[in-house]
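In: This is a predicted model, with the sequence first.
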Amino acid sequence: MDETQLQKPKLKDLLAQAEITQKELAKRMNVSYSLVGFYIAGKKMPAFDKAVSMSRELNVSLKILAESMGIDTNGIPDDSPN
């Protein structure tokens, strides 16, 4: 594993940074607590509309959200505002 992979946050880290609990995120996204748990554990990936909602709630770009879920985003431009 290279150094850049070690620096990428996990989804649970993004929740902590946003000071949002798994339960609160589930409520805000209108999904079950257990579904958010599956996202955190990497057992399921959110549908695109839920990923957009999650990125808004966590105040991160879709690219950062995807990286936190272990998706290879090499070659995808950053979508965060300048």
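Out: Structure received. Numbering: from 1, shown residues only.
In: and residue 55, which of the three is it?
Out: Assigned with DSSP: H, G, I helix; E, B strand; the rest coil, residue 55 falls in the helix class.
In: Roughly how far does the closest residue to it other than its chain neighbours sit from residue 76?
Out: Leaving out its chain neighbours, the residue that sits closest to residue 55 by CB to CB, 6 or more residues apart in numbering is residue 65, at 4.6 Å. To be clear about C-beta, it is placed using only N, CA and C from the backbone, and glycine gets the same treatment. From residue 65 across to residue 76, the span is 12 Å (CB to CB, to the nearest Å).
In: re earlier: and the residue nearest to residue 55, how many residues sit next to it?
Out: By other CB atoms under 10 Å, 23 other residues sit near residue 65.
In: Contacts only, for residue 50.
Out: Taking CB atoms under 8 Å, 6 or more residues apart in numbering as the criterion, residue 50 is in contact with 29, 31.
In: swap that for residue 29, sorry
Out: Neighbouring residues of residue 29 by CB under 8 Å, 6+ apart: 36, 50, 53, 54, 57.
In: For stretch 27-42, which residues meet the burial criterion?
Out: Using 16 or more other CB atoms under 10 Å as the test for burial, stretch 27-42 gives 29, 31, 35, 36, 39, 40.
In: No more questions from me, cheers.
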